[in-house]
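Student: What follows is a predicted structure for the sequence shown.
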Amino acid sequence: MADTVSRRGFVGAVLPLTASSYSRIAGANDRIQVGQIGCGHRASGHRRMLKLSMGTDPNFDLRGVCDIWSVNREKAADDAGELFGRRPKTYKYSEEMLADRELDAVMIGTGDHQHARILAEVVRAGKDCYCEKPMANTLEDAKLARDTVLGSKQVVQMGSQWLSCPYQQAVREMIRSGKLGKIVAISQSWNFNGPRWDVPKDPNILTIREADTDWNRWLLGRPRRPFDPRVYFEFRIFKDFSGGLTDQWFSHGSGLVHFYLDTFIPDDIVANGGIFAWHDVRENPDTFSCLSTFAAKEVLYTYSTTFGNAYGDHSIIRGTRGTLYSPGGEGSPQWWFVPETRSGWRSNTVFDLKAGKPKPQLVTVPGLTETPPVEQGDDLKYHTDDWFRSMRSRGTPNGNIQTGFAHAVAVVMATRGYREGKKLYWDRKNERIVDRLA
């Protein structure tokens, strides 16, 4: 059987397109049958999102959960039973669950290196999908997933939940309106002080045995190595399976920049960093920064994260007529607009509003009256709401496949830029990452 995989451990063989692929399409009044592939930490967040979305669309069931680690799938089934009043079916392998003709949609919460191939598998089985980010961390897998989805009729939502946040949407509308003038630069600095993703006394690491799972499936085509529980659960810090900061936080950051600018994939990237704070078992950097440009928009984009200091999280969008500033980290819904009241130097005055010192203005959303917090959790109800609406209407969700491909390419460029120590370019015509453009 072909190698396949999971976040806390799951996956399935990529199924070929055949005449037996199923064609259930959820209508406006149908009860949508949902399954989960991968039953680890992020999958528990997916279940919380589903529970929250019951307030908007209660007409669905969590029908099945799938994970190659027996402990994980049984815990997930028990948790789902408590949340939804019905214990779902359990499966070890994806092909077993995807053979269920009553299943309409699948949420993927596996390891970073497994998302794209499982997404292709789910779509080929005729199911709609919610796929965690990053969609892929190799260009080959990104193209596989994108082309498979575009060749289907399935509705696919990426796990880039901030694209459905009403405050991020308000920011994009302000940019589109021209209120900031021409955008010239965007910078993000999202930080944390701690050895993130490495938990030496993780009970799962102490509990799992190779006989309880399927290690070859979990590897999903990555280099063979002996079974290692730490790699299995802490894949984010090992370079064969993830870029770490690039796969995780930068995928959100670049995805938001694409969203704000209405343009996809930076034209170039250069990156640097290293392991400067946490000299544990990690192979990926705990401190990282990259710089890129969007040539057509004439925008400079800078991104940075350190796990050795948590001070000064922010996102800043700079325009010739004003600035949008968020004092929070990833996905912060609190934004302030500060107008530029004067532009000029010596006798060259471009404009002067005679407005004195500008006062920051809180970005608001109609119907939401409270000041938004500086931080918000990952389990954003708006995003699963959008997925359900899109499945019922057969429309395009906020985190569609093109947004997934775009953030995946940005992730691959950033990871390679850091590891190879050189500037890389995106060849838009031939869809290649190259050392220089012709």
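Tutor: That came in fine, so what should we check first?
Student: Flag every buried residue along the helix or strand hosting Leu50.
Tutor: Mapping Leu50 onto the secondary structure by DSSP states H and E places it in helix 41-53. Of the residues in helix 41-53, those with enough neighbours to count as buried (16 or more other Cβ atoms under 10 Å) are Arg42, Ala43, Ser44, Gly45, His46, Arg47, Arg48, Met49, Leu50, Lys51, Ser53. Using the backbone N, CA and C atoms, a C-beta is placed for each residue, glycine as well.
Student: For the stretch 201-350 of the chain, which segments count as helices?
Tutor: Using DSSP state H, counting those that start in this stretch, the helices of the stretch 201-350 of the chain run over residues 203-207, 215-219, 229-233, 245, 251-261.
Student: Can you redo the ones you listed as a markdown table, where the extra columns are mean neighbour count and distance to Arg318?
Tutor: Compiled in a markdown table, the helices of the stretch 201-350 of the chain are given as follows (neighbours: other Cβ atoms under 10 Å; distance: least, Cβ to Cβ, whole Å):
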| stretch | mean neighbour count | distance to Arg318 |
| --- | --- | --- |
| helix 203-207 | 12 | 44 |
| helix 215-219 | 22 | 44 |
| helix 229-233 | 20 | 40 |
| helix 245 | 34 | 24 |
| helix 251-261 | 25 | 12 |
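Student: ok so, going back, closest to Leu437 among the buried residues of helix 41-53?
Tutor: Checking the buried residues of helix 41-53 against Leu437 by Cβ to Cβ gives Arg42 as the nearest, at 36.8 Å.
Student: What separation is there between the closest one and Val149?
Tutor: For Arg42, the distance to Val149 (Cβ to Cβ, to the nearest Å) stands at 21 Å.
Student: just Asp280 next, same as before
Tutor: Look at Asp280 and Val149: by Cβ to Cβ, they are 37 Å apart.
Student: Between the two, which has more neighbouring residues?
Tutor: When Asp280 is set against Val149 and neighbours are counted by other Cβ atoms under 10 Å, the residue ahead is Val149, at 25 against 13.
Student: how about the nearest residue to the more buried one, chain neighbours excluded?
Tutor: Ile401 (4.3 Å; Cβ to Cβ, 6 or more residues apart in numbering).
Student: can you give me phi and psi for the one you found?
Tutor: Backbone torsions for Ile401, taken as degrees, to the nearest 10, come to phi -60, psi -30.
Student: Just confirm it contacts Arg146, I think it does.
Tutor: Yes. Taking Cβ atoms under 8 Å as the contact criterion, Ile401 and Arg146 are neighbours in contact, 5.6 Å apart.
Student: Could I get the pLDDT score of Leu437?
Tutor: The confidence metric pLDDT takes the value 85 at Leu437.
Student: coming back round to it: now do the helix holding Leu50: which elements does it pack against?
Tutor: Counting contacts by 3 or more Cβ pairs under 8 Å, 6 or more residues apart in numbering; DSSP states H and E, helix 41-53 is packed against strand 32-37, strand 60-66, helix 70-84, strand 105-108, helix 381-393.
Student: what angle sits between it and strand 32-37?
Tutor: On the basis of axes from the mean of the first three to the mean of the last three Cα atoms, to 10 degrees, helix 41-53 is oriented at 160 degrees to strand 32-37.
Student: what mean pLDDT does helix 41-53 have?
Tutor: Per-residue pLDDT values across helix 41-53 average out to 97.
Student: Contacts for that helix next, please.
Tutor: Outside of helix 41-53, the residues that reach it under the criterion Cβ atoms under 8 Å, 6 or more residues apart in numbering are 7-8, 34, 36, 60, 62, 65, 76, 79-80, 83-84, 107, 109, 130, 132, 159, 378-381, 383-385, 388.
Student: Would you map out the domains in the protein?
Tutor: Following the assignment in automatic domain parsing, the chain carries domains at 32-163+383-403, 165-197+241-375+410-426.
Student: Deepest in the core, which of these is it.
Tutor: Using mean count of other Cβ atoms under 10 Å, the stretch among the domains of the chain with the greatest mean number of neighbours is domain 32-163+383-403 (a mean of 22).
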